[in-house]
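In: Provided below for reference: sequence and predicted model.
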Amino acid sequence: MAEYWPAFMRECEARLTVGAKEYGDGSHRAPVKKLIAEVQEELRDVSGWGFIAHTKLEKLLETIEAIEDMMPGACPKHPKYTPDKIPATRCPRCWMIYSVRTVQRDMLGMP
Ligand SMILES: [Zn+2]
């Protein structure tokens, strides 16, 4: 997670720079009551975005559970193909089987 910190800080700095240009760097001179109102408004926005993020994470969880339940099966055209290695053909069914098994194994930690 530590590798994300520098990028996060760069994004925060970029937003401060854009805000300073957009508002003439006057935020430091703004009345305290205006600052409080701005912070309260931002907190309401964060709460709203939190709800949106929560619903998107619920959908992502449903998708992960569906992928966990998926049984890739065998390709009718290439019954000897096993999803442990990259398909040698351009067969969409073999690639789907390979993709599902790769996600199950490498991302979901399934055996
Ligand atoms: Zn196939």
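Out: Arrived safely. Numbers count the residues shown, from 1 in each chain.

In: separation between Ala7 and Glu42?
Out: 21 Å (C-beta to C-beta, to the nearest Å). C-beta coordinates here come from the backbone N, C-alpha and C atoms, glycine included.

In: per-domain residue ranges of this structure.
Out: 29-69, 71-111 (automatic domain parsing).

In: out of those domains, deepest packed?
Out: For these, the largest average neighbour count (mean count of other C-beta atoms under 10 Å) is found in domain 71-111, namely a mean of 13.

In: remind me, longest helix of this protein?
Out: helix 32-69 (DSSP state H).

In: quick check: angle from the very next helix or strand once past it to helix 32-69?
Out: Using DSSP states H and E, the helix or strand that follows helix 32-69 in sequence is helix 92-102. Angular relation of helix 92-102 and helix 32-69 on a 0 to 180 degree scale: 120 degrees, by axes from the mean of the first three to the mean of the last three C-alpha atoms, to 10 degrees.

In: Report whether helix 92-102 contacts the ion.
Out: Yes: on the criterion C-beta under 5 Å from the ion, helix 92-102 is in touch with the ion at Arg93, Cys94.

In: what's in contact with that helix?
Out: Here helix 92-102 makes contact (C-beta atoms under 8 Å, 6 or more residues apart in numbering) with 67, 70, 72-78, 81, 83-84, 86-87.
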